[in-house]
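A.B. asks: Everything below, folded, please.
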Amino acid sequence: MSARPGLFFAAFAGYLAIGLTLSLRFGYMLGDALARTSAAQSVLLSRDPHVSAIGFIFTPLTALLQLPLVALSAWWTGITRWNISGIAVSALFMAGTVMIILGICRDRGLTGRHSSLIAVLFAINPMILFYGANGMSEAVFLFFTCWAVRRLIRWVDTDDVHDLIVAGIALALAYLTRYDGVVAIAGAAFLVAGVTLLRCGRGSWRTMRRQALLDAVLVAGPGFVAFVVWSVTSWLITGEALAQLSSSYGNAAILEQSGGSTGAPLSNAVYAVAAIIVLGPILPLVLPATGVLARARRDLGALVAPVVFGAILAFQAASYISGSTFGFLRFYICAIPLAVVALIQIVPGRAAVRTRRPGAFRRERFAEVRVAPALIAATVVLSVLAIPVTGWAMLRQSLSSQQYALGHLLDDRPQAADAEAVAAQRILASFSTERKLAAYLDRQDLPDGSIIVDTVYGFAVLAASAHPTRFVVPSDQDFTTILNDPAAAGVRFMLTVPNTGRGQSDALNRRYPSIYDNGGMIATLDYEVPNTGADQPNWRVYRIGS
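C.D. replies: This next block holds a predicted model:
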């Protein structure tokens, strides 16, 4: 027990140190992470601060968790400029995920040393290290899904309603972190109902049917409420219940603006399978072994991780195969905890799980069950073998378009003939141009509300600026009025991007289609900024008036 705080703080400190090094030393930040930081900044520090400025493209929890630290950026702008608030949230929640993995080990009856070793090997997986350090939503999402999985495994053994309720709350919070959580909620509901029905031999069928429905409602109810409240709130404020799907800023629109999904369904399916395998290379061996052993032991808890994590992986694979999302390795990160939990469950459950109120169908365990040392060694060896495979995959451009640049961190002067290295440096330089643009604007003596920009690309400029109140952005309630007559509203600068690709969704381009080329006949070119970052636009700053 005494090792637990030490492991948590060591993991947190490690992730935080890696994140700060990537950000402050190399300037490497990911767009979605910085966008969430910018959204949190808009809630507190914009010219029109309000909670709905959090936006409705992402579910809100990752950005909301940053608010306490973002509030401090009023005194130190580096908190948002370098995404320190996002990095801290990722480090905190990924360290929490490590502790949940440790808890699953201890619930299973593994020894303290064995449990700590499995948790440490999970913690140092290269993908876990990176996403525990970069401010993206993966760390928070893994924390809540792993928490739900642990509680559901406990429920199978304890039949304690408290475990079921906590699992439902964790799944609701997972949904408020990423939309993928909705399939985990559905999978958990069917699993819980099925487990309850399988117990019907120990009770009347009518009673068990009613109990199965009640149990399913308990685990899915919080998530259903979260889905309804978030969707209704989005509809009331934006007119779109599912902005991630229907908005001009959502995935479908981005794919269309980018020229559609790349790859045929078959090649996309191959990629999805490959992504799952490289993140969970031991799955083809461990899942069948766990299934066979679970059947022999009548251990229904072995179904939990494959159902919950498997639903998320299947959803991501189906979305990519159908061309409705992107081929990012991070979308399959749940393969890592799936492999680890399945590996843990190869070892027979030995400890009696402590619980507040055991139910009628509590499953007894016996501490005297012997675990062969070879089995313990095998779980450790398999955990170790997974690490280099995942690390290798992360550095392959064909598998990991967002992470492979990590292999070129120290290659700051690549040969022009090395196309991969040159492209990697552009990835590492993402948002450096926006920071320079923010610094240029900060040096101007400007009043509040004097710069108008859409956050489709401008979020990085806002996050880097020491004066966010100078910007008029789409979340401001008077944005449309000001956009229609910027001069009358006192706007002096308009930040524009080319009216191509994602730039087609930029509000300034929609209102003034030629603004990037000629100022829309209302402004004159003041400053042009060629972009050095990957997939980032060149900027033109237009001045209104003299």
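
A.B. asks: Where does pLDDT dip in the stretch 201-350 of the chain?
C.D. replies: For the stretch 201-350 of the chain, applying pLDDT under 70 flags the ranges 201-205, 245-248, 250-262.

A.B. asks: what packs against the helix or strand harbouring V140?
C.D. replies: Assigned by DSSP states H and E, V140 belongs to helix 138-158. Applying 3 or more Cβ pairs under 8 Å, 6 or more residues apart in numbering; DSSP states H and E, one finds that helix 138-158 makes contact with helix 84-108, helix 126-131, helix 161-175, helix 181-198, helix 304-321, helix 335-344. C-betas here are computed from N, CA, C, even on glycine.

A.B. asks: Show me which residues of stretch 448-461 are buried.
C.D. replies: Buried residues in stretch 448-461, defined by neighbour count with 16 or more other Cβ atoms under 10 Å: 449-461.

A.B. asks: Which one, of the helices and strands packed on helix 138-158, ends up nearest to V232?
C.D. replies: helix 161-175 (14.4 Å; Cβ to Cβ).

A.B. asks: Where does pLDDT dip in this protein?
C.D. replies: Ranges of the chain meeting pLDDT under 70: 1-3, 200-205, 245-248, 250-262, 351, 359-360, 365-372, 416-417, 546.

A.B. asks: OK, contacts around the most centrally placed residue in it?
C.D. replies: The centroid of the chain falls nearest to S137 when counting by Cα atoms, centre = their mean (2.4 Å). Contacts for S137 (Cβ atoms under 8 Å, 6 or more residues apart in numbering) come out as 32, 36, 58, 62, 177-178.

A.B. asks: excluding its backbone neighbours, what's nearest it?
C.D. replies: What sits nearest to S137 in space, not counting adjacent residues and going by Cβ to Cβ, 6 or more residues apart in numbering, is T62, at 4.5 Å.

A.B. asks: The stretch 251-400 of the chain: helices as residue ranges?
C.D. replies: With helices called from DSSP state H, counting those that start in this stretch, the stretch 251-400 of the chain shows them at 251-257, 265-279, 283-297, 304-321, 335-344, 373-394.

A.B. asks: Ok, which of the ones you listed comes nearest I482?
C.D. replies: With Cβ to Cβ as the criterion, I482 lies closest to helix 251-257 of the helices of the stretch 251-400 of the chain, at 23.5 Å.

A.B. asks: sorry, back to before: so how far is the helix holding V140 off the chain centroid?
C.D. replies: In terms of Cα atoms, centre = their mean, to the nearest Å, the centre of helix 138-158 is found 16 Å from the chain centre.

A.B. asks: List the buried residues for that helix?
C.D. replies: Going by 16+ other Cβ under 10 Å, helix 138-158 has these buried residues: 138-158.

A.B. asks: For that helix, output the C-alpha coordinates as CSV.
C.D. replies: C-alpha atoms of helix 138-158 as CSV (Å, rounded to 0.1, in the frame of the first residue of the first chain):
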residue,chain,number,x,y,z
GLU,A,138,-6.6,10.3,-24.5
ALA,A,139,-5.2,10.4,-20.9
VAL,A,140,-8.5,11.6,-19.4
PHE,A,141,-10.5,9.1,-21.6
LEU,A,142,-8.3,6.2,-20.6
PHE,A,143,-8.7,7.1,-16.9
PHE,A,144,-12.5,7.0,-17.0
THR,A,145,-12.8,3.9,-19.3
CYS,A,146,-10.2,2.0,-17.2
TRP,A,147,-12.0,3.1,-14.0
ALA,A,148,-15.3,1.8,-15.5
VAL,A,149,-13.6,-1.5,-16.5
ARG,A,150,-12.2,-2.0,-13.0
ARG,A,151,-15.6,-1.4,-11.3
LEU,A,152,-17.4,-3.7,-13.7
ILE,A,153,-14.9,-6.5,-13.1
ARG,A,154,-15.4,-5.9,-9.4
TRP,A,155,-19.2,-6.0,-9.9
VAL,A,156,-19.1,-9.4,-11.6
ASP,A,157,-17.4,-10.7,-8.5
THR,A,158,-19.1,-8.7,-5.7
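
A.B. asks: Pull stretch 278-293 out as PDB, backbone CA atoms only.
C.D. replies: C-alpha atoms of stretch 278-293 as PDB (Å, rounded to 0.1, in the frame of the first residue of the first chain):
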ATOM      1  CA  VAL A 278       1.100  -2.800 -32.900                       C
ATOM      2  CA  LEU A 279      -0.500  -1.200 -29.900                       C
ATOM      3  CA  GLY A 280      -1.500  -4.500 -28.400                       C
ATOM      4  CA  PRO A 281       0.900  -7.000 -30.000                       C
ATOM      5  CA  ILE A 282       0.200  -9.600 -27.400                       C
ATOM      6  CA  LEU A 283      -3.600  -9.500 -28.000                       C
ATOM      7  CA  PRO A 284      -3.700 -12.400 -30.500                       C
ATOM      8  CA  LEU A 285      -2.000 -14.700 -27.900                       C
ATOM      9  CA  VAL A 286      -3.500 -13.300 -24.600                       C
ATOM     10  CA  LEU A 287      -7.100 -12.900 -25.500                       C
ATOM     11  CA  PRO A 288      -7.700 -16.500 -26.600                       C
ATOM     12  CA  ALA A 289      -5.700 -17.800 -23.600                       C
ATOM     13  CA  THR A 290      -7.800 -15.600 -21.200                       C
ATOM     14  CA  GLY A 291     -11.000 -16.700 -22.800                       C
ATOM     15  CA  VAL A 292     -10.100 -20.400 -22.500                       C
ATOM     16  CA  LEU A 293      -9.100 -20.000 -18.800                       C
END
